[in-house]
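1. Sequence and predicted structure, then a few things I'm wondering about:
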Amino acid sequence: MATITPRKTKKGIRYTAQIRINRKGLRPYSESFSADKRSIVKEWAIQREAELMKPGGLAAATAERPSVGNVLTYYLEDYQDLMAFGRSKLADLKKLINHDISDKDATTLTTAEVLQHVRDRRASGAGPATVKNDLIWLSTAFQSVSAARNLTLKLTSIKEAQVIAKKERLIAASKKRDRRPELLELDQLLESFSSRDKRATIPMVPITLFALFSTRRQDEICRIQWSDLDRANSRVLVRDMKHPREKTDTWCALPARAMAIIDQMPQIDERIFPYNSKSVGSAFTRTCKILGIEDLHFHDLRHEAITHQFEIGQQIPVVAKISGHKSWASLQRYTHLLQLEHFDKYQGWSWLTLELSE
């Protein structure tokens, strides 16, 4: 039975009918169709399901030319568990399946059809970096599925659309965030966390301070284990650490302040910070909203931590060992700080002193 999902657009409500069939002996089949009227997509779904239910109908459909939506679905089925997709990539792929481009024939997809998707997405309010990601995921899915399932897909159309869209400034790389929390903002956050930590299940004060001095990402903090801690060398093994091309286990140095925070954590679980990563992020975002702190993300603490290391005079090789960057090129944006007078903005900071003395 097909599912029909409404989606709000600037022009009104648009409906998408999605057919998914799993039958033993055949590859999973997925097909979708979108229109402005629910009655139209419902009629399409009834007719298409009837065709697929005829003897040999599903076998013929799975053997014939797949739609873009089919290709994206195959990519998820074939690689999701193998590659452990990140939350954002997984969400982007699932959203793409619900866009009009998913109805197009993947074997005859034209550059014009891909560019129409780009224009539609930009018209609906999506930014250039978001739409660029659409094309990246489409290209990746086409390339991987083509090889894995021996299909002839029109990958060249996506590549050509990428070139044209970039030239016309319809897509662009995401801008690097430079948001740094002010000490007053950190004071406000930690005061709020402190007042709730005694009754909350997640101790946000030590988690926030650890992020601030270790450079670790939100999900990494909630994943590191006591068994991965090397106290003698003040370092921790971050498993499946995010890198541009792959995830790999990486030893990361721990600055003294980060190590001191770990020393105070109770050993109640195999993980040092045994909490749900999403819940940590939600608590941080919610508190920022309550306090009126604008445009501050938990990930900005990593940028702050790396910046701080340069401000106190650390050189690129040392900072790379702390942050886990394999390429020094990723740290070039901070090198101007090496020319400035070194200073420690957290020296004598009351929260640090309080936390380390508790």
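-> In hand now; what should we look at? Residues are numbered from 1 along each chain as shown.

2. Now stretch 308-328: average pLDDT?
-> Averaging the model's pLDDT scores along stretch 308-328 yields 90.

3. For that stretch, which outside residues touch it?
-> For stretch 308-328, contacts defined as CB atoms under 8 Å, 6 or more residues apart in numbering pick out 212-215, 238, 241, 243, 250, 252-255, 302, 305-306, 331, 334-335, 337-338, 340, 342-346. Where you see a C-beta, it was placed from the backbone N, CA and C, and this is true even at glycine.

4. domain ranges for the protein?
-> 1-64, 66-175, 183-357 (automatic domain parsing).

5. Neighbours of residue 145, how many?
-> Residues contacting residue 145 under the criterion other CB atoms under 10 Å number 25.

6. just checking, what packs against whichever helix or strand it is part of?
-> Taking DSSP states H and E as the definition, one finds residue 145 inside helix 128-148. If contacts are counted by 3 or more CB pairs under 8 Å, 6 or more residues apart in numbering; DSSP states H and E, helix 128-148 sits against helix 68-83, helix 87-97, helix 111-123, helix 155-167.

7. That one to helix 155-167, inter-axis angle?
-> Between the axes of helix 128-148 and helix 155-167, defined by axes from the mean of the first three to the mean of the last three CA atoms, to 10 degrees, the angle is 170 degrees.

8. Off-centre distance for helix 128-148?
-> Averaged C-alpha coordinates place helix 128-148 at 15 Å from its chain's average position (CA atoms, centre = their mean, to the nearest Å).

9. average model confidence for it?
-> For helix 128-148, mean pLDDT is 93.

10. ok, back up a step: any chance of the helices and strands packed on helix 128-148 in a markdown table, plus mean neighbour count?
-> A markdown table is the format used below for the helices and strands packed on helix 128-148 (neighbours: other CB atoms under 10 Å):
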| stretch | mean neighbour count |
| --- | --- |
| helix 68-83 | 19 |
| helix 87-97 | 15 |
| helix 111-123 | 18 |
| helix 155-167 | 17 |
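
11. Nearest to residue 133, out of those?
-> Among the helices and strands packed on helix 128-148, the nearest to residue 133 by CB to CB is helix 87-97 (5.8 Å).

12. and the closest one, C-alpha only, in CSV?
-> The C-alpha atoms that make up helix 87-97 are tabulated as CSV, following Å, rounded to 0.1, in the frame of the first residue of the first chain:
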residue,chain,number,x,y,z
ARG,A,87,22.9,12.0,11.1
SER,A,88,23.0,14.9,8.7
LYS,A,89,23.9,12.8,5.6
LEU,A,90,21.2,10.3,6.4
ALA,A,91,18.6,13.0,6.9
ASP,A,92,19.7,14.7,3.6
LEU,A,93,19.4,11.4,1.6
LYS,A,94,15.9,10.7,3.0
LYS,A,95,14.8,14.2,2.2
LEU,A,96,16.0,13.9,-1.4
ILE,A,97,13.8,10.8,-1.9
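
13. Which of the contacts of stretch 308-328 fall in strands?
-> 238, 241, 250, 252-253 (DSSP state E).

14. Give the buried residues for the helix holding residue 145.
-> Buried residues in helix 128-148, defined by neighbour count with 16 or more other CB atoms under 10 Å: 128, 131-135, 137-139, 141-142, 144-146.

15. what does it rub up against?
-> 68, 71-72, 74-75, 78-79, 89, 92-93, 96, 101, 106, 114, 117-118, 121-122, 126, 151-155, 158-159, 161-162, 165-166, 169-175.

16. ok, back up a step: greatest separation within the ones in strands among the contacts of stretch 308-328: which pair is it?
-> The largest separation in the ones in strands among the contacts of stretch 308-328, counting by CB to CB, is between 241 and 253 at 13.3 Å.

17. Test my guess that residue 271 contacts residue 222.
-> Yes - if you go by CB atoms under 8 Å, residue 271 and residue 222 touch, sitting 7.0 Å apart.

18. Which of these two has more residues huddled nearby?
-> The neighbour comparison of residue 271 against residue 222 (other CB under 10 Å) goes to residue 222, with 21 against 17.

19. Relative to residue 317, how far out is the more buried one?
-> Relative to residue 317, residue 222 is positioned 28 Å away (criterion: CB to CB, to the nearest Å).

20. and if you look at residue 150?
-> Summarising the geometry, the distance separating residue 150 from residue 317, computed by CB to CB, is 46 Å.

21. What about the closest residue to residue 22 other than its chain neighbours, how many residues nearby?
-> Among residues not flanking residue 22 along the chain, residue 28 sits closest, at 5.0 Å (CB to CB, 6 or more residues apart in numbering). Taking other CB under 10 Å as the criterion, the count of residues near residue 28 is 14.
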